[in-house]
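Q: show me how the following folds:
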Amino acid sequence: MAGDDLTPSEGAILMVLMVEAREVLNTELKERYGLDVRKEQRDKLGRLHYVSSRRSGRTVAMQLDDKGWVRMQSDFDFNARGAKALGAALTALHANLREHILGRSGAANLTELFAQTEMRAPAGGLGPRITSAYSALADEPGAWVSLRRLRPFFADVARDDLDEALRDLSRSDGVNIVPESNQKALTPADREAALRLGGQENHLLAIGV
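A: Numbering: from 1, shown residues only. This is a model prediction of the structure:
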């Protein structure tokens, strides 16, 4: 997600919402953490689809959006002028979560570690949920996304159920599930995540083509 130009404060907001892994009121963030998410911050994070927010009485309810969960897998610059120690602490925490704790936990990514079902499912079953997860992972509509990247966001779903939902989705207009053309580029994880479809192993999904 390079180029999103997040400030250290905005990165810290995403960190707090990741840890909460739920919809949380701004008033609660103030009470628990002394964190007041201002309108300009909410608007920016909303435009980036990192945070979704809504009015709730006299305050605002927020939660990490799908693209926000994906963004948490990448590096942040937490170094703020006059707060180097705090920035170092957050950087160390984030790096340790990704590089050490994930491996020991057995989770595939931070989404799975903190909230296995947080890639929120619109009404209508797994099909809309797959589309939502794809939109969070894809750089643009129609871009190829590997099933290796998609599957960890469905840790709460049985493999057979997800495979069947992918097969059903493949019959829809604008949806393609295909093999990787360069088989030598496939990793063991890619092969493990493959979907058996049309008599062959398929590794890539595109929606909106």
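
Q: quick one, phi/psi of Gly199?
A: Main-chain torsions, Gly199, degrees, to the nearest 10: phi 80, psi 10.

Q: count the residues that sit near it.
A: 5 (other CB atoms under 10 Å). Heads up, the C-betas are built off the backbone N, CA and C, glycines and all.

Q: local confidence estimate at it?
A: pLDDT for Gly199: 90.

Q: what does the one 5 residues further on give?
A: Looking at Leu204, its pLDDT stands at 96.

Q: tell me how far the least confident helix or strand in the chain by mean pLDDT lies from the chain's centre.
A: Least confident helix or strand of the chain, by mean pLDDT, DSSP states H and E, is helix 110-114 with a mean of 75. Centroid separation between helix 110-114 and its chain, computed with CA atoms, centre = their mean, to the nearest Å, is 9 Å.

Q: which helices and strands sit right next to that helix?
A: helix 8-20, helix 66-71, helix 102-105 (3 or more CB pairs under 8 Å, 6 or more residues apart in numbering; DSSP states H and E).

Q: now render those as JSON lines, adding mean neighbour count, mean pLDDT and distance to Ala89.
A: Formatted as JSON lines, the helices and strands packed on helix 110-114 follow (neighbours: other CB atoms under 10 Å; pLDDT from 0 to 100; distance: least, CB to CB, whole Å):
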{"stretch": "helix 8-20", "mean neighbour count": "20", "mean pLDDT": "90", "distance to Ala89": "10"}
{"stretch": "helix 66-71", "mean neighbour count": "23", "mean pLDDT": "85", "distance to Ala89": "20"}
{"stretch": "helix 102-105", "mean neighbour count": "11", "mean pLDDT": "77", "distance to Ala89": "19"}
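
Q: how does the chain divide up, domain by domain?
A: 8-111, 126-207 (automatic domain parsing).

Q: least confident of the ones you listed, on average?
A: Mean pLDDT is lowest for domain 8-111 out of these, coming in at a mean of 86.

Q: quick one, strands of the protein?
A: 24-25, 51-56, 59-64, 145-146, 175-178, 195-197, 200-202, 204-207 (DSSP state E).

Q: adding distance to Leu14 and mean neighbour count, write those strands out as JSON lines.
A: What follows is the strands of the chain, written out as JSON lines (distance: least, CB to CB, whole Å; neighbours: other CB atoms under 10 Å):
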{"stretch": "strand 24-25", "distance to Leu14": "13", "mean neighbour count": "18"}
{"stretch": "strand 51-56", "distance to Leu14": "7", "mean neighbour count": "15"}
{"stretch": "strand 59-64", "distance to Leu14": "7", "mean neighbour count": "21"}
{"stretch": "strand 145-146", "distance to Leu14": "22", "mean neighbour count": "18"}
{"stretch": "strand 175-178", "distance to Leu14": "30", "mean neighbour count": "17"}
{"stretch": "strand 195-197", "distance to Leu14": "31", "mean neighbour count": "15"}
{"stretch": "strand 200-202", "distance to Leu14": "33", "mean neighbour count": "16"}
{"stretch": "strand 204-207", "distance to Leu14": "25", "mean neighbour count": "20"}
